[in-house]
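Undergrad: The amino acid sequence is not available; the structure is as follows:
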Ligand code: AQP
């Protein structure tokens, strides 16, 4: 199901079997959406074969914007369920919840001590969040990229599959570990971002990144009616007023999605729009069918898993336990290098 998306691309693509550790995280701030999958999850799943892979539901991060305990709790389960349904295999990859491994917070403090405030102030995501939630510019929001650097560094990860929206954070994570290595000696590898071939998926508004907080998402595991409504609401080529107007598939978000969900005939679909022989409604209806087909197996697995929520808890708890020695080892090394108490 994910085969069309599974060629991870970076400036130097990591080769399966070449070794290296992978880490990435997703916030439990809503339900899994098509942007999450195409931008990041598809690579999580691809990279569990051939790499030592660690994936995290980053609930501490979600606290920077989401303050409803029930939303965090429910979305944590939903995100984990979604990842398992999409093909993440706990036999191959570790899946855990961030707040089960307190060492992330401790390393954040250590890394904060080598991070100039100016580096964080200039990150586009901080500026954007400050604009989007002006009444809630909390200190945790400011610390977000330092915690993200700690999430990656605590397991000494080499590769981080993410959407392009995370590129600046990854660059900052590299700078932070470089600063630590310079001050205290070589400790952490500089993590490398891994992008899919759909690194920024636009939302149903056709303008912004598909994003839970913007409400412009297509949810992977919603009921068919909701998915149909979300897809049918997609903004297409705004210059196309009438069916007889030729379209511009290269700027139409629906056509861009067909490139992924209709790999066998997307060129015909594009031509239909370009030559004005197909209307937007027909192209969107076809997209609904293709998406439901693409995610069909995952949606079935999701329904099965949803009936057994204890499985998710077990997977998350086992994942956190597996990682305990590694997290402790990294912190012990940092304490030693920084002159802090030996860890017992
Ligand atoms: N539209 C997208 N296109 C490509 N990749 C995306 N990702 C998210 N949206 C897109 C990638 O999915 C991973 C998990 O994202 P996240 O939920 O932890 O954080 P986010 O990027 O902040 O996602 P949202 O939906 O925009 O969440 P809110 O609205 O809560 O901030 C990441 O690798 C991300 O790049």
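TA: Alright, I've got the coordinates. Quick caveat: nothing in here was measured; it's all calculated off a predicted structure.

Undergrad: Would you mind listing what in the stretch 1-150 of the chain touches the ligand?
TA: Proximity of the stretch 1-150 of the chain to the ligand (Cβ under 6 Å from any ligand atom) is limited to residues 26-27, 29-30, 35-36, 39-40. Placement of C-beta: from N, CA and C, glycine included.

Undergrad: Find the residue closest to the residue in the stretch 151-300 of the chain that the ligand sits nearest to in space, skipping its chain neighbours.
TA: Here the stretch 151-300 of the chain gets closest to the ligand at one residue, residue 163, 2.2 Å apart by Cβ to the nearest ligand atom. Using Cβ to Cβ, 6 or more residues apart in numbering and skipping the chain neighbours, the partner closest in space to residue 163 is residue 39 (3.2 Å).

Undergrad: Quick check: that neighbour touching residue 200?
TA: Yes - using Cβ atoms under 8 Å, residue 39 is in contact with residue 200, at 6.8 Å.

Undergrad: Overlap in contacts, the two.
TA: 163-165 (Cβ atoms under 8 Å, 6 or more residues apart in numbering).

Undergrad: from the residues you listed, which is closest to residue 261?
TA: Nearest to residue 261 among the shared contacts of residue 39 and residue 200 is residue 163, at 17.6 Å by Cβ to Cβ.

Undergrad: if I look at the closest one, how far off is residue 40?
TA: 5 Å (Cβ to Cβ, to the nearest Å).

Undergrad: need the helices for the stretch 201-344 of the chain, in chain order.
TA: Along the stretch 201-344 of the chain, the segments classed as helices by DSSP state H, counting those that start in this stretch run 224-232, 253-261, 266-274, 280-294, 296-306, 309-338.

Undergrad: who in the stretch 151-300 of the chain is up against the ligand?
TA: Close to the ligand, as judged by Cβ under 6 Å from any ligand atom, the stretch 151-300 of the chain has residues 162-163, 165-166, 199-201, 209-213.

Undergrad: okay, who's weakest in those by pLDDT?
TA: Of all these, residue 213 has the smallest pLDDT value, namely 82.

Undergrad: and it, what is it in contact with?
TA: Residue 213 neighbours (Cβ under 8 Å, 6+ apart): 29-30, 65, 132.

Undergrad: please redo it, this time with the cut-off set to 10 Å
TA: Going by Cβ atoms under 10 Å, 6 or more residues apart in numbering, residue 213 touches 27, 29-30, 65-66, 129, 132-133.

Undergrad: Show the buried residues in the residues you listed.
TA: In the contacts of residue 213, burial by neighbour count holds for 27, 29-30, 65-66, 129, counting by 16 or more other Cβ atoms under 10 Å.

Undergrad: Kindly reformat those residues as JSON lines containing secondary structure.
TA: Shown next, in JSON lines, are the buried ones among the contacts of residue 213 (DSSP: H, G, I helix; E, B strand; the rest coil):
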{"residue": "27", "secondary structure": "coil"}
{"residue": "29", "secondary structure": "coil"}
{"residue": "30", "secondary structure": "coil"}
{"residue": "65", "secondary structure": "coil"}
{"residue": "66", "secondary structure": "coil"}
{"residue": "129", "secondary structure": "helix"}
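
Undergrad: Quickly check those for the two that are furthest apart.
TA: 30 and 129 (15.3 Å).

Undergrad: Look at whichever residue of the stretch 1-150 of the chain sits closest to the ligand and say how many residues are nearby.
TA: Nearest residue of the stretch 1-150 of the chain to the ligand: residue 39, at 2.0 Å (Cβ to the nearest ligand atom). Around residue 39 there are 25 other residues, counting by other Cβ atoms under 10 Å.

Undergrad: looking at this structure, which residue ends up farthest from its center?
TA: Largest separation from the mean C-alpha position in the chain: residue 244, at 39.0 Å (Cα atoms, centre = their mean).

Undergrad: give the contact list for that one.
TA: Counted by Cβ under 10 Å, 6+ apart, residue 244 has contacts 276-277, 279.

Undergrad: repeat that with 6 Å
TA: Counting by Cβ atoms under 6 Å, 6 or more residues apart in numbering, residue 244 touches residue 276.

Undergrad: still on that earlier bit, pLDDT added to the buried ones among the contacts of residue 213, as TSV?
TA: Shown next, in TSV, are the buried ones among the contacts of residue 213 (pLDDT from 0 to 100):
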residue	pLDDT
27	96
29	88
30	87
65	92
66	92
129	87
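
Undergrad: before we move on, back to that, so who does the residue nearest to residue 163 touch?
TA: Counted by Cβ under 6 Å, 6+ apart, residue 39 has contacts 163, 196, 199, 201.

Undergrad: List the ones among those residues that fall in helices.
TA: Among the contacts of residue 39, no member falls in helices (DSSP state H).

Undergrad: So which of those wins on neighbours?
TA: residue 196 (28 neighbours).

Undergrad: Now the phi/psi pair for it, please.
TA: For residue 196, the backbone dihedrals (degrees, to the nearest 10) come out as phi -90, psi -180.

Undergrad: Pull up the gap between it and residue 289, please.
TA: 23 Å.

Undergrad: Residue 25 contacts residue 58, correct?
TA: Yes - if you go by Cβ atoms under 6 Å, residue 25 and residue 58 touch, sitting 3.8 Å apart.

Undergrad: Check whether the residue of the stretch 1-150 of the chain closest to the ligand sits in a helix, strand or coil.
TA: helix.

Undergrad: measure stretch 20-34 end to end?
TA: End-to-end distance for stretch 20-34, by Cα to Cα, to the nearest Å: 27 Å.
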